[in-house]
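>>> Sequence and computational prediction follow.
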Amino acid sequence: MPPLNTDSFVKDSPDRLLELESIDFFVRLMGILGLPRSVGEIYGLLYFSEISLTMDVIASRLEISIGSASQGLRTLKSLKAIRSTYVPGDRRDHYSAETEFKRLFSSFIKDEIMPHLESAKDRIHRMEKILQQNKNNKDFHQIRLEKLKKLTKTGSRLLPALTGLLKF
């Protein structure tokens, strides 16, 4: 596969079509996770790239702004979905995709979802205090609050177990 930053990368070649399908696949996956389109585009491009790419090349290949590329790369770095690689003689950062999905999803669950569950527990505790002072619709609100407590409790137990079961 020729380097993706050359003009020799033919528009309708099988390599380009594979790249476009990869980008579409990851745009949709990242969308499910609530992440911006550019994050999926960047990851999809890097996933099928045999060489690491600079931010300039990524922005050019995807026809996105440098700002969007920078923000997307920062997001992917924070998710540990990409890594910087050293290229001798080039001072620019080069990026490649993390392809170990177990590590990627485990990191996402641990770093993104679990903290939200912890803050949800604090929020529920505050709602319980407010509910004690509120006489209106107390039964209705109590039932809803119990459902939220059950959801966070189940999530807190299930997600770490799910992380351990990931095998791909």
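Looks like it came in fine. Since this is a predicted model, take the numbers as computed values, not measurements.

>>> Pretty sure residue 84 sits in a helix.
No. Under DSSP: H, G, I helix; E, B strand; the rest coil, residue 84 falls outside any helix and is assigned strand.

>>> after the helix-or-strand element of the chain with minimal mean pLDDT, next one along is what?
Ranking every helix and strand in the chain by mean pLDDT, DSSP states H and E puts helix 101-108 at the bottom, with a mean of 80. Toward the C-terminus, helix 101-108 is succeeded by helix 114-133 as the next helix or strand (DSSP states H and E).

>>> Direction-wise, compare that following helix with helix 101-108 and give the angle.
Interaxial angle, helix 114-133 versus helix 101-108 (axes from the mean of the first three to the mean of the last three CA atoms, to 10 degrees): 30 degrees.

>>> now the helix ranked longest in the chain against helix 114-133, angle please.
Counting residues, the longest helix found in the chain (DSSP state H) is helix 138-165. With the same axes, to 10 degrees applied, the angle from helix 138-165 to helix 114-133 works out at 170 degrees.

>>> now for helix 138-165, which elements pack on it?
On a contact count with 3 or more CB pairs under 8 Å, 6 or more residues apart in numbering; DSSP states H and E, helix 138-165 meets helix 114-133. To be clear about C-beta, it is placed using only N, CA and C from the backbone, and glycine gets the same treatment.
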